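*Asks:* could you look at this predicted model? Sequence included:
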Amino acid sequence: MSLSSRHLLQLEGVPKEDLELILDTAESFREILDRPIKKVPPLRGKTIVNLFYEPSTRTRISFELAEKRLSADTLSFTTTMSSVRKGETLKDTVRNIEAMKIDMVVVRHSSPGVPYYLTQCLEANIINAGDGTHEHPTQGLLDIFTMRRKYGKVDGLRVLLVGDIRHSRVARSNIWGLKTLGASVAICGPTTLLPYDAERFGIDVYTNLDEAMEGVDVVNILRIQLERQKAGLFPSQREYSNLFGITGERLKRVNKNFTIMHPGPMNRGVEITNEVADGPASVILSQVTNGQAVRMAVLYLLAGTDDADVTSQTEKG
Amino acid sequence: MNHADAHIVMDGHKMARAITRIAHEILERNAGAKTLVIVGILTRGADLARRLAKTIKEIEKVDVPVGLMDINLYRDDVNYNPDQPVVRKTDIIFDIDDKNLILVDDVLYTGRTIRAALSQIIDFGRPLTIQLAVLVDRGHRQLPIRPDYVGKNIPTSFEDNVRVSFAERDGEDEVLFYPSQTDQSSPAAAKKRKKP
C-alpha cells in the first residue's frame, strides 16, 4: 500500500484512503515509542533535511526524533546559521543541499506555497512542516490521530476550533482533514480573526463561545498570536480572554465532557487557563507524543513512494 | 482459492496432533512452562502462538505470555519493494529478558522473515534462548536458520505454494498445498495467496 502522492503539502484534497493509511500506520508506530529501544530500521540509508526558515521547537524536534527513530540520517538547518544570511535564494539553497544526495526535505517557511515550489525544483520527497497561513498537515494529522485514539473514530465527531482561524495553518489542516474523514467542524473567534471565506470550508461559524460549545466533543484551542493585537485585530488580551478564553469556569458552565486540545505553544492566561491546560480534559501532552508516531508514519509511507520503478523482489520466508 | 490441483496436506485432526506434540516438545526441552514466553509473527504465526499457549495451559496449567509481532519494519527488501508494506501493531507487553522465547510462524520458507523477527526481538531485550516453532517447513532456506520444532516437513519446489488456515481466521483448520501450475495460471491470485 502506498500513498497517492510523493509529497505531503496539505490535507486539502488528500483522499480519505491516504488519511486512513497514515492514521493506521501511526497507530502501529505509536507502540514503538513505548519500547525499551525506540528505534526501528526501515529508513536506513535515507537522508532527510529539516529546513526551518521559521522558529519552531516542537515540530522540529518532533520531526528530528521521528527521523532518528526510523534510522534515517538527518540534518537540521536553521536560517540564522546559514548562507541565507548572506542573501542566498531559497532555490539555490535547496538545490545545493540536494546536490549532496538527500532523499527528503521537511520544510517550514513563512510564505505559503514554499513546499509546493520545492517540489518543482527538487527530486526529493517534500513534507510541509508549516507554510505561512496555508497549512500544517502533520499537525492536523496528529490532532485527528489524538481524537481518533480517544473516541475510536473520527466520523461523526463534532470538533470546535477556537481562536485565530484566519491566520492559522493548523486550523486549515484540521478543517480539511476532519471534513474528509466525516467529522463536523465549527469555528469560533472574533470576527476579525475568522476567515473571509468560511463558507468555502462547509463549516459552522460562531462568534459566541458558549453557543459554539453546545454539543461539541472536542475543543481545539488555537494560539493567539500576540502580534495580531498590535495589528488592531482585537482590543486587548484581557478582552480576548474574557470572550474567547477557555477557563475552568466556562467548562463548568457549559457542563459537558470535552476533550481539550492545543497545538502549542500556549499563551497561558490568554486563550487557555492553567486549570484547563493541566486539567483532566486536556490531551495536550498526548498530542505531542502522538505527533511523533504520526510523523514517523508520514516519513515511512512517503519513503515508499520513491522507488515505484523498482521491480518487486518481495519474498516471504 | 479452490483450485483443482490444490490438495489438503494436513486436516484439522493432523494439525491439532502436531500442535499438541510441539507443545509437549517445548515443555520437555524447557523443563516446564515457567520460563517460557511465546511470540507469534503476524498474522498466522500469531494464531499458532495462541493455540500453542492454550495447549500448554491444558497440559501444564500455566499461563504463558503471548506476544504478537509485525516484522515489516525489519524486512531486508524495503529498498526493493515499490510499495511500503502495511505495518501492523507489535504487541509484546511482557519482559523477555532471560526468558526462553518461543518464536512462532506458520510456514518456514526462505528464513528471511525469521531473520527480521530475530533482529526485532533483540531490540526488545535479551532472552536466554530463542527457539523457533513452525507448523510447516517447506525448505528452500536462503539463510542459515533452522527450526527447533516442526509440525510437518513438506517438500516443495520454489514455485509451489503452501497455505495454512486457522478456523478462527479462515473458517477451517487445514494446510493446503498448491502445485506450481496453479501459480502460473494466475500470477495475481498466486501473489494473493502468499502470506502478507
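*Replies:* Yep, it's here. Numbering: from 1, shown residues only, chains lettered A, B, ... in the order given.
*Asks:* which one's the longest helix in chain A?
*Replies:* helix A:284-303 (DSSP state H).
*Asks:* and that helix, what's buried?
*Replies:* A:284, A:286-288, A:290-303 (16 or more other Cβ atoms under 10 Å in any protein chain shown). For glycine as for every other residue, the C-beta is placed from the backbone atoms N, C-alpha and C.
*Asks:* contacting chain B as well, which ones from those?
*Replies:* A:300-301, A:303 (Cβ under 8 Å from any Cβ of the partner chain).
*Asks:* those strands in the stretch 1-150 of chain A, which residues are they?
*Replies:* A:47-52, A:73-78, A:104-109, A:125-131 (DSSP state E, counting those that start in this stretch).
*Asks:* also the stretch 151-300 of chain A?
*Replies:* A:158-162, A:184-188, A:204-206, A:218-221, A:259-261.
*Asks:* quick one: contacts for B:Val9?
*Replies:* Counting by Cβ atoms under 8 Å, 6 or more residues apart in numbering or on different chains, B:Val9 touches B:152, B:154, B:162, B:175-177.
*Asks:* so what's the nearest residue to A:Asn257 once chain neighbours are set aside up against?
*Replies:* Nearest non-adjacent residue to A:Asn257, counting by Cβ to Cβ, 6 or more residues apart in numbering or on different chains: A:Ala281, 7.1 Å away. Shown in contact with A:Ala281 (Cβ under 8 Å, 6+ apart): A:251, A:257-260.
*Asks:* do A:Arg172 as well
*Replies:* So A:Arg172 contacts A:10-12, A:133-136, A:140 (Cβ under 8 Å, 6+ apart).
*Asks:* run the angle between the longest helix of chain A and strand A:104-109 for me.
*Replies:* 130 degrees (axes from the mean of the first three to the mean of the last three Cα atoms, to 10 degrees).
*Asks:* how much space between A:Glu239 and A:Ile187?
*Replies:* Distance of A:Glu239 to A:Ile187, given as Cβ to Cβ, to the nearest Å: 19 Å.
*Asks:* the two: which has the busier surroundings?
*Replies:* A:Ile187 (28 against 13; other Cβ atoms under 10 Å in any protein chain shown).
*Asks:* the more buried one contacts A:Val205, doesn't it?
*Replies:* Yes. The pair formed by A:Ile187 and A:Val205 meets the contact definition of Cβ atoms under 8 Å, at 5.7 Å.
*Asks:* tally of neighbours for A:Thr305?
*Replies:* 17.
*Asks:* an error on my part: the question was meant for B:Lys14.
*Replies:* Using other Cβ under 10 Å, B:Lys14 has 16 neighbouring residues.
*Asks:* contacting residues around it?
*Replies:* B:152, B:175.
*Asks:* after the helix or strand hosting it, which helix or strand is next?
*Replies:* Secondary structure from DSSP states H and E places B:Lys14 in helix B:12-29. Downstream of helix B:12-29, the first helix or strand assigned by DSSP H and E is strand B:36-41.
*Asks:* in PyMOL, how would I select the buried members of the contacts of A:Arg172?
*Replies:* Buried residues among these (16+ other Cβ under 10 Å), as a PyMOL selection:
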select buried, chain A and resi 10+11+12+133+134+135+136+140
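*Asks:* of the contacts of A:Arg172, which is the nearest to A:Arg35?
*Replies:* Comparing the contacts of A:Arg172 against A:Arg35 with Cβ to Cβ places A:Gly140 closest, at 26.8 Å.
*Asks:* in chain A, where is pLDDT below threshold?
*Replies:* Scanning chain A for pLDDT under 70 picks out the ranges A:81, A:306-317.
*Asks:* ok, now which ones touch the nearest residue to A:Asn174 once chain neighbours are set aside?
*Replies:* The spatial neighbour of A:Asn174 that comes closest, neighbours along the chain excluded (Cβ to Cβ, 6+ apart), is A:Gly140 at 4.9 Å. Under the criterion of Cβ under 8 Å, 6+ apart, the neighbours of A:Gly140 are A:11, A:170, A:172-174, A:176-177.
*Asks:* helices or strands up against the longest helix of chain A?
*Replies:* Helix A:284-303 is packed against helix A:16-32, helix A:58-69, strand A:104-109, strand A:125-131, helix A:137-151, strand A:259-261, with contacts defined by 3 or more Cβ pairs under 8 Å, 6 or more residues apart in numbering or on different chains; DSSP states H and E.
*Asks:* kindly recompute the last result at 10 Å.
*Replies:* Using 3 or more Cβ pairs under 10 Å, 6 or more residues apart in numbering or on different chains; DSSP states H and E, the elements in contact with helix A:284-303 are helix A:16-32, helix A:58-69, strand A:104-109, strand A:125-131, helix A:137-151, strand A:259-261, helix A:274-277.
*Asks:* relative orientation of it and helix A:58-69 in degrees?
*Replies:* 50 degrees.
*Asks:* pull the CA atoms of helix A:284-303 into PDB?
*Replies:* In PDB, the C-alpha atoms belonging to helix A:284-303 read as follows (Å, rounded to 0.1, in the frame of the first residue of the first chain):
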ATOM      1  CA  ILE A 284      -2.200  18.400  25.100                       C
ATOM      2  CA  LEU A 285       0.800  16.300  26.000                       C
ATOM      3  CA  SER A 286      -0.600  13.200  24.300                       C
ATOM      4  CA  GLN A 287      -0.800  15.400  21.200                       C
ATOM      5  CA  VAL A 288       3.000  15.900  21.400                       C
ATOM      6  CA  THR A 289       3.700  12.100  21.900                       C
ATOM      7  CA  ASN A 290       1.200  11.200  19.100                       C
ATOM      8  CA  GLY A 291       2.900  13.800  16.900                       C
ATOM      9  CA  GLN A 292       6.000  11.600  16.700                       C
ATOM     10  CA  ALA A 293       4.000   8.500  15.700                       C
ATOM     11  CA  VAL A 294       2.200  10.400  13.000                       C
ATOM     12  CA  ARG A 295       5.400  11.900  11.600                       C
ATOM     13  CA  MET A 296       7.100   8.500  11.700                       C
ATOM     14  CA  ALA A 297       4.100   7.200   9.700                       C
ATOM     15  CA  VAL A 298       4.300  10.000   7.100                       C
ATOM     16  CA  LEU A 299       8.100   9.700   6.700                       C
ATOM     17  CA  TYR A 300       7.800   5.900   6.300                       C
ATOM     18  CA  LEU A 301       4.900   6.000   3.800                       C
ATOM     19  CA  LEU A 302       6.500   8.700   1.700                       C
ATOM     20  CA  ALA A 303       9.800   6.900   1.500                       C
END
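*Asks:* ok, B:Glu28 - contacts?
*Replies:* Contact partners of B:Glu28, counting by Cβ atoms under 10 Å, 6 or more residues apart in numbering or on different chains, are absent.
*Asks:* got the contact list for stretch A:75-88?
*Replies:* With Cβ under 10 Å, 6+ apart, stretch A:75-88 has contacts from A:47-56, A:60-61, A:63-64, A:67, A:90, A:92-94, A:96-97, A:100, A:102, A:105-109.
*Asks:* and the closest residue to chain B within the stretch 51-200 of chain A, backbone torsions?
*Replies:* Proximity of the stretch 51-200 of chain A to chain B (Cβ to the nearest Cβ) peaks at A:Leu70, 8.2 Å away. Here is the backbone geometry of A:Leu70 (degrees, to the nearest 10): phi -100, psi 10.
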